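Chemist: The sequence and its predicted three-dimensional model are supplied below.
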Number of protein chains: 2
Amino acid sequence: MREFKRKSRVLLVDDNTDHLRGIKELVSLEGCYDVVGATTSANVAINLIKKYRPDIVLMDINMPEKDGLQAIQEIEKLGLDTRVIALSGYDDADLIFRAMKIGAKGYVLKTMASAQLIYAIDEVAAGKVYLPSALSSRFFEYFQRSFKGEAVVSDEENLLTYLTSREEEVLELLTQGNNYKGIAGKLFISETTVKTHVNNIFQKLQVNDRTQAVLYALNNGFGNRKRTKIAV
Amino acid sequence: MREFKRKSRVLLVDDNTDHLRGIKELVSLEGCYDVVGATTSANVAINLIKKYRPDIVLMDINMPEKDGLQAIQEIEKLGLDTRVIALSGYDDADLIFRAMKIGAKGYVLKTMASAQLIYAIDEVAAGKVYLPSALSSRFFEYFQRSFKGEAVVSDEENLLTYLTSREEEVLELLTQGNNYKGIAGKLFISETTVKTHVNNIFQKLQVNDRTQAVLYALNNGFGNRKRTKIAV
DNA sequence: TTCGTTCTAAATCATTAGATTGATAAAATA
DNA sequence: TATTTTATCAATCTAATGATTTAGAACGAA
């Protein structure tokens, strides 16, 4: 597989010079990688990334100067094809979770065997997201803990299903902070009509005012492209 | 490792009788598992779990009668030590995500090699959460997509930081759908005082009404113990 | 002490929100 | 065809909300 692809371009970031050199040697030894840069500064790294557009960035996230996680975020914001693998000294579940959340495509411990690092690079270079199984186990524990006790949206009890499509439109605008006038203007209907719809929404959702309606909507999977609460 | 432990007690649930028999044989062949039950009904399964308290449940989640995911949820709600592995015919990212979210300790495809299933059981029985790497890759893609584009709470622009602690209390109650009277009652202050606080909140958050204030709060990491938006 | 901040509170006023009732017309459905 | 649902709008009325101003008490910092 790897033989058929062009060489992946890799950038290394680690504030520890010795470690940086070590990784560089390690990665360089692999025939299929070009190390296009190696720096001890996250800020420099971001500039190098803009310039050289590497395929893979190995980013130490335990750096004093600039937080590696923050650096990853900034890289992700660039919207490039660059895929970042977090390098860390700690297998802390929270760290792993945060790294993956902000878009790291992998997370490898510095203490892991070098073969493990190379494997991770291979996987990420191949377009996958890769966590060594020991770490993914930790991740999932954290993930499940963070969801535990959260109200589960069961379809049968979801009052949102009773809304007509027009009412959904109105509710959508309510969840954007519009008042009657704003909604009326946007839907090209009269304010009184909006009031009627809103009142019907209140009845169906069994709430007393718009704030409660909005909260119900957000907590029960309404237009939750942005929210993580997902109907099961 | 496995030799030192007591036998893990396993319950099998699959609406397909043939498949159920197949899994049963497969698992039984492993020396270290006791199959304490095998049923085609999720409802029966739940009763069996209450009765026999198995260590592991292999749950088919593609059943017509009762949704397997729902069954997993109910099992999790029991609060036992029973760990559930989802068995599915589909490697759909959304399905995987939902299963892991509600507490499945593993997810294995029916098409996977039987060794893979046994390995998963081993890992889960050992207390880990296990996803085959092909599926965990899918999971992570979905996971990262679901977080992508989400406003990152950057402290420097977050107007919430300007609120006093009292104002935060008031806002907290606003985000719970309380009106003036409700807030006044809960904080043991007069309604007019609440109005003052609320007005100050509006000024600081640069919004016009409570709904917008609540929306701003929710979208900017306010009191997100329940939300998944996590400051990085 | 003086100053600034915060929390408290009241009074007043304008605006908005929400409840209620009633009505029309189109569209879907039985 | 008869009935129900949905969407539209009006009028009226009460309650709730929000803006503004003013002000006392407590506290800590300069």
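Modeler: Structure's in. What do you need?

Chemist: Poorly predicted segments of chain A, please.
Modeler: Applying pLDDT under 70 to chain A flags the ranges A:1-5, A:64-66, A:149-157, A:221, A:223-232.

Chemist: Kindly report the residues of it close to DNA strand C.
Modeler: Those residues of chain A that sit near DNA strand C, judged by C-beta under 7 Å from any atom of the strand, are A:Asn179, A:Tyr180, A:Lys181, A:Lys195, A:Thr196, A:Val198, A:Asn199, A:Phe202, A:Asn208, A:Asp209, A:Arg210, A:Thr211. (C-beta placed from N, C-alpha, C; glycine too.)

Chemist: Quick one: buried ones out of those residues?
Modeler: Buried members of the residues of chain A next to DNA strand C, scored by 16 or more other C-beta atoms under 10 Å in any protein chain shown, are A:Asn179, A:Tyr180, A:Val198, A:Phe202, A:Arg210, A:Thr211.

Chemist: what's the distance between the third one and A:Tyr180?
Modeler: The spacing between A:Val198 and A:Tyr180, counted by C-beta to C-beta, to the nearest Å, is 7 Å.

Chemist: do you know how far the residue nearest to A:Gly106 when sequence neighbours are not counted is from B:Asn158?
Modeler: Of all residues not flanking A:Gly106 in the chain, A:Ile85 sits nearest, at 3.9 Å (C-beta to C-beta, 6 or more residues apart in numbering or on different chains). Here A:Ile85 is placed at a distance of 29 Å from B:Asn158 (C-beta to C-beta).

Chemist: more neighbours, those two?
Modeler: Higher neighbour count among A:Ile85 and B:Asn158: A:Ile85, with 24 against 16, using other C-beta atoms under 10 Å in any protein chain shown.

Chemist: On the three-state scheme, the more buried one is what?
Modeler: Under DSSP: H, G, I helix; E, B strand; the rest coil, the three-state class of A:Ile85 is strand.

Chemist: In chain A, mark out all the strands, start to finish.
Modeler: A:8-13, A:33-39, A:56-60, A:83-88, A:106-109 (DSSP state E).

Chemist: State the pair within the residues of chain A next to DNA strand C that is farthest apart.
Modeler: Largest separation among the residues of chain A next to DNA strand C by C-beta to C-beta: A:Lys181 and A:Asn208, giving 21.1 Å.

Chemist: Based on its surroundings, how many neighbours for the nearest residue to A:Gln176 once chain neighbours are set aside?
Modeler: Spatial nearest neighbour of A:Gln176, chain neighbours left out: B:Leu215 (7.6 Å); criterion: C-beta to C-beta, 6+ apart. For B:Leu215, the count of nearby residues is 22 (other C-beta under 10 Å).

Chemist: swap in A:Leu29?
Modeler: Neighbour count for A:Leu29, taken as other C-beta under 10 Å: 10.

Chemist: which residues does it contact?
Modeler: Listed by C-beta atoms under 8 Å, 6 or more residues apart in numbering or on different chains, A:Leu29 has no contact partners.

Chemist: From A:Ala115, how far out is it?
Modeler: On the measure of C-beta to C-beta, A:Leu29 and A:Ala115 end up 11 Å apart.

Chemist: Might one say that the residue nearest to A:Gln176 is in contact with A:Arg210?
Modeler: No. Under the criterion of C-beta atoms under 8 Å, B:Leu215 makes no contact with A:Arg210, lying 11.0 Å away.

Chemist: what's the overlap in contacts for the two?
Modeler: Counting by C-beta under 8 Å, 6+ apart, no residue touches both B:Leu215 and A:Arg210.

Chemist: List the contacts of the spatially most distant residue from the centre of chain A.
Modeler: The outermost residue of chain A, judged against the average C-alpha position, is A:Thr192 (41.8 Å), by C-alpha atoms, centre = their mean. Neighbour list for A:Thr192: empty [criterion: C-beta under 8 Å, 6+ apart].

Chemist: how near is A:Val207 to A:Thr40?
Modeler: The gap separating A:Val207 from A:Thr40 is 55 Å, by C-beta to C-beta.

Chemist: my bad, A:Val194
Modeler: 59 Å.

Chemist: More neighbours: which of these two?
Modeler: Each of A:Val194 and A:Thr40 has its neighbours counted (other C-beta under 10 Å); A:Val194 has more, 23 against 17.

Chemist: check contacts around the more buried one.
Modeler: So A:Val194 contacts A:Val170, A:Tyr180, A:Ile183, A:Ala184, A:Leu187 (C-beta under 8 Å, 6+ apart).

Chemist: rerun that using 7 Å as the cut-off
Modeler: A:Val170, A:Tyr180, A:Ile183, A:Ala184 (C-beta atoms under 7 Å, 6 or more residues apart in numbering or on different chains).

Chemist: ok, the last one touching A:His197?
Modeler: Read that as A:Ala184. No. A:Ala184 is not in contact with A:His197 according to C-beta atoms under 7 Å; the separation is 10.1 Å.

Chemist: and those two? which has more neighbours close in?
Modeler: The neighbour comparison of A:Ala184 against A:His197 (other C-beta under 10 Å) goes to A:His197, with 24 against 19.

Chemist: Report the contact partners of that one.
Modeler: A:Arg166, A:Glu167, A:Val170.
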